[in-house]
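> Model the following, please.
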Amino acid sequence: MFEKLINPQLLKFIVVGISNTLISYIVFFGFYNFVLLGNAFLSQCISYAAGVLWSFNWNKKWTFSGKKHRWSVFIPFATVQVTLLFLSAFSISIANHNLNWNVNLIWLCVMVIITVINYNISKYLVFRV
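The predicted structure is shown next:
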């Protein structure tokens, strides 16, 4: 009955996404505040790359594990992720310069939108489940 209410695959994607978000945010926070000293664009690029590696492994092995996914899906996955990386980095950078919002709130808003896009592309185009 529970499976009829919530798609188990979506739930797994959300769990991977939450862990990915925590890892990405910790990396973003560290680089933005302590290494790159306020460079939101480069901090996002580095944090997103860390999240991509994490999420690819977990989504390939666990979320979309119904099919045998070869590493060949990494190329389309990486292409999508690089596109979303630049979209998110530019969005964060532009919003950070033009809005009087806290960079953490900007990051969260952008990443929610990117996550929704990412799930749909991952499900229907990359892993084709």
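> Could you use CA atoms for every contact and neighbour count after this?
Fine.
> Show me what the top helix by length along the chain is packed against.
If you go by DSSP state H, the chain has its longest helix at helix 74-98. With contacts taken as 3 or more Cα pairs under 8 Å, 6 or more residues apart in numbering; DSSP states H and E, helix 74-98 sits against helix 40-58, helix 103-121.
> Out of these, which is closest to Pro8?
Of all those, helix 103-121 sits nearest to Pro8, with 13.5 Å by Cα to Cα.
> Which of the residues in that closest one are classified as buried?
For helix 103-121, a neighbour-count test (16 or more other Cα atoms under 10 Å) marks Val103, Ile106, Trp107, Val110, Met111, Ile114, Thr115, Asn118, Tyr119, Ile121 as buried.
> before we move on, what about stretch 84-97?
Those would be Leu84, Leu85, Ser88, Ala89, Phe90, Ser91, Ile92, Ser93, Ala95, Asn96, for stretch 84-97 by 16+ other Cα under 10 Å.
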